[in-house]
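Trainee: Here is a sequence with its predicted model. Questions after.
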Amino acid sequence: MSSKELEFNKNDDKMRLLISEVEQKLNKIHLGGGKSKIEKQHAQGKLTARERIDFLKDKDEPFFELGAFVGDGMYEEEGGCPAGGVVMGVTKVSGKQCIVVANDATVKAGAWFPITAKKNLRAQEISMENRLPIIYLVDSAGVFLPMQAEVFPDKEHFGRIFRNNSIMSSMGITQIAAVMGSCVAGGAYLPILSDEAMIVDKTGSIFLAGSYLVKAAIGEDIDNETLGGATTHCEVSGVTDYKCKDDKDCLTRIRNIVDKIGDYEKAGYNRVKPVAPTRPAKEIYGIMPVARDQSYDVRELIECLVDNSEYEEYKTTYGQSIFCAYTRIDGWAVGIVANQRKVVKSKKGEMQFGGVIYSDSADKAARFIMNCNQKKIPLIFLQDVTGFMVGSRSEQGGIIKDGAKMVNAVSNSVVPKITVVMGNSYGAGNYAMCGKAYDPRFIFAWPTAQIAVMGGSQAAKTLVQIQVATLKGKGEEITKEDEDALLKKITDRYNSQLSPYYAASRLWVDEIIDPAKTREYISMSLESANHAPITKTFAVGVLQT
């Protein structure tokens, strides 16, 4: 066995272990509040959030879950909040691509934590950017009161959801709400701000204040069913449009409504009949090194993703630390911008470090991004970047200006941008390669992803130097043992924040995915983006070419 084959096998083994860890975490997350809470929901005659989505979606279509790791490692003092207490993703309902949002009542009765609000807002953002119909399956006790100050009043908090309901209605985006459990207080506005609202008899209820609060506030004795049940709202108040006998009847009614929705103008991105790559997708496992100091040729990864493993590379021998190419993914025409971790020679014969963006690479990428905008070609960013090149030669050569050109082009791009964080995503490299702050329509991470200002060892050493200098400035003695202990403490804390789970729990990325499924996720993203015609003209402001 050659050294290359040995390295391939080592990488493959390590990647499969990381994927296994992802799957084990997902299995636990999918239990929501636990088996006993699921049994309790079934005893009430209700399906769980995931069972509702499975019944709603077309049987042969995948459910692309987003935000499954939201809340991971957060709110542990409150007992945790698996998936943020809400299940969200993209799927097809009656043949139409939709985004579905379902409260998980097994998690704190579907109560809203701060991260729950952020996840719901992300679902609405995806719906608005891509003009996808959105279906809300409501079963929530409302705001988690112990954390109300972090959920209720600010711009990106709970109330923003109802503002978005109203904006989406004015945009003509279909919103369908099904009240399949509790729907209380401010949350009661969501179904009523939707285009159509239905409620399940005996298990669904809508009211601004429950019976206990009504008794305390005005002294009225009334039960919750009479106050805000299906009969009240379908026959007396007229708040809801359809009365359903059970969960399955409700979900079937949604399918029937979606089936009648007419088609809308598409963006018109180029698509032909898909052709499978000639390289198997799972070869990615062996090509992608788990170790950060190993190089690889990103072209080999791309051959596992693109149709017939073919592409037209742009400026092949110029700016080689970034790879740019026109190609197709599942038939969709795309432009790929990918970091090259392989050590290469520059046009001047200088060696360039892998994963670093140099001036010529930034210039090349900016021009390529402009070309894709001119040609109406969606952009795919494959991130494995440690940042821009530093040092006197780079600074004197204008690396900041060239980097700014690339950031400007990414910022002003009007074609859809989809980002996959394959490995490193550090510093301004994260920005230039379309990190979350640069509005990718979707952003995914592989289990090998790391997102931070800089790598763990560099950051820890920098922080230690600062803290040691501060302590010495106060006249304190610092031994070598103290310094080593401080370095370990800082390194451990920083490394925990580098984890892809840390990023996914806070929605810096939409989902951690199996690298072998990248092609499927990108295709789903492009199909979503094709629902939204481009309404802006590409312009680059102060960008100088």
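Mentor: Arrived safely.

Trainee: okay, CA-based contacts and neighbour counts for the rest of this
Mentor: Fine.

Trainee: Tell me how many other residues crowd residue 314.
Mentor: 18 (other C-alpha atoms under 10 Å).

Trainee: before we move on, what about residue 475?
Mentor: Residues near residue 475, counting by other C-alpha under 10 Å: 9.

Trainee: mind starting the numbering at 48 from now?
Mentor: Sure thing, new numbering starts at 48, so read that last one as residue 522.

Trainee: pretty sure it belongs to a helix, no?
Mentor: No - judged by DSSP: H, G, I helix; E, B strand; the rest coil, residue 522 forms no part of a helix; its state is coil.

Trainee: for the stretch 198-347 of the chain, what spans make up the strands?
Mentor: For the stretch 198-347 of the chain, strands defined by DSSP state E, counting those that start in this stretch occupy the ranges 222-231, 243-247, 252-254, 289-291.

Trainee: Of those strands, which is nearest residue 461?
Mentor: strand 222-231 (25.4 Å; C-alpha to C-alpha).

Trainee: before we move on, the earlier item: nearest to residue 474, of the strands of the stretch 198-347 of the chain?
Mentor: Across the strands of the stretch 198-347 of the chain, closest to residue 474 is strand 222-231 (C-alpha to C-alpha), at 38.2 Å.

Trainee: Residues touching that closest one, excluding its own?
Mentor: With C-alpha atoms under 8 Å, 6 or more residues apart in numbering as the contact definition, strand 222-231 has outside contacts at 93, 180-189, 212, 216, 237-238, 241-247, 250-257, 294, 297, 301.

Trainee: picking up where we left off before, between the strands of the stretch 198-347 of the chain, which has the poorest average model confidence?
Mentor: Mean pLDDT is lowest for strand 252-254 among the strands of the stretch 198-347 of the chain, at a mean of 89.

Trainee: List the pairing partners of that strand within its sheet, with orientation.
Mentor: Paired neighbours of strand 252-254 in the sheet (DSSP bridges): strand 222-231 (parallel).

Trainee: quick one, the strand it pairs with and strand 243-247 angle?
Mentor: 40 degrees (axes from the mean of the first three to the mean of the last three C-alpha atoms, to 10 degrees).

Trainee: Tabulate the CA atom coordinates of strand 222-231 in CSV.
Mentor: The C-alpha trace of strand 222-231 is given here as CSV (Å, rounded to 0.1, in the frame of the first residue of the first chain):
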residue,chain,number,x,y,z
GLN,A,222,-48.4,30.9,5.2
ILE,A,223,-50.5,28.1,6.6
ALA,A,224,-50.9,27.5,10.4
ALA,A,225,-52.2,24.4,12.2
VAL,A,226,-53.0,24.7,15.9
MET,A,227,-52.4,21.2,17.1
GLY,A,228,-51.9,21.9,20.8
SER,A,229,-51.5,25.0,23.0
CYS,A,230,-51.3,28.4,21.3
VAL,A,231,-51.3,31.1,24.0
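
Trainee: Now distance to residue 320 too, for the strands of the stretch 198-347 of the chain, in a markdown table please.
Mentor: A markdown table is the format used below for the strands of the stretch 198-347 of the chain (distance: least, C-alpha to C-alpha, whole Å):
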| stretch | distance to residue 320 |
| --- | --- |
| strand 222-231 | 32 |
| strand 243-247 | 37 |
| strand 252-254 | 47 |
| strand 289-291 | 41 |
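
Trainee: Out of these, flag the one nearest residue 136.
Mentor: It is, among those and with distance given as C-alpha to C-alpha, strand 222-231, at 14.9 Å.

Trainee: so how far is that closest one off the chain centroid?
Mentor: For strand 222-231, the gap between its own C-alpha mean and the chain's C-alpha mean amounts to 24 Å (C-alpha atoms, centre = their mean, to the nearest Å).

Trainee: can you check stretch 338-348 too?
Mentor: 24 Å.

Trainee: which residues sit against it?
Mentor: Contacts of stretch 338-348 (C-alpha under 8 Å, 6+ apart): 330-331, 334-336, 370, 385-390, 401, 470-471.

Trainee: which of the contacts of strand 222-231 count as buried?
Mentor: Buried subset of those (neighbour count, 16 or more other C-alpha atoms under 10 Å): 93, 180-189, 212, 237-238, 241-247, 250-257, 294, 297, 301.

Trainee: Quick check: the closest residue to residue 315 other than its chain neighbours vs residue 487, distance?
Mentor: Spatial nearest neighbour of residue 315, chain neighbours left out: residue 577 (6.4 Å); criterion: C-alpha to C-alpha, 6 or more residues apart in numbering. Using C-alpha to C-alpha, to the nearest Å, residue 577 is found at 14 Å from residue 487.

Trainee: Neighbour count: these two, which is higher?
Mentor: Set side by side, residue 577 and residue 487 show more neighbours around residue 487, with 24 against 21, by other C-alpha under 10 Å.

Trainee: tell me the contacts of that one?
Mentor: So residue 487 contacts 463-466, 481 (C-alpha under 8 Å, 6+ apart).

Trainee: cool, residue 568 as well?
Mentor: residue 111.

Trainee: any idea what it is structurally, helix, strand or coil?
Mentor: Residue 568 is classified as helix under three-state DSSP.

Trainee: pLDDT weak spots in the stretch 98-247 of the chain?
Mentor: Within the stretch 98-247 of the chain, the segments meeting pLDDT under 70 span 233.

Trainee: ok, how many other residues are close to residue 303?
Mentor: 12.

Trainee: For it, which non-adjacent residue is spatially closest?
Mentor: Closest to residue 303 by C-alpha to C-alpha, 6+ apart is residue 141, at 7.5 Å.

Trainee: Give me the mean pLDDT for stretch 419-429.
Mentor: 98.

Trainee: mind checking the SS state of residue 533?
Mentor: Per three-state DSSP, residue 533 ends up helix.

Trainee: what sits against it?
Mentor: Taking C-alpha under 8 Å, 6+ apart, one finds residue 511 in contact with residue 533.

Trainee: how near is it to residue 330?
Mentor: Distance from residue 533 to residue 330, by C-alpha to C-alpha: 41 Å.

Trainee: Perfect, that will be all.
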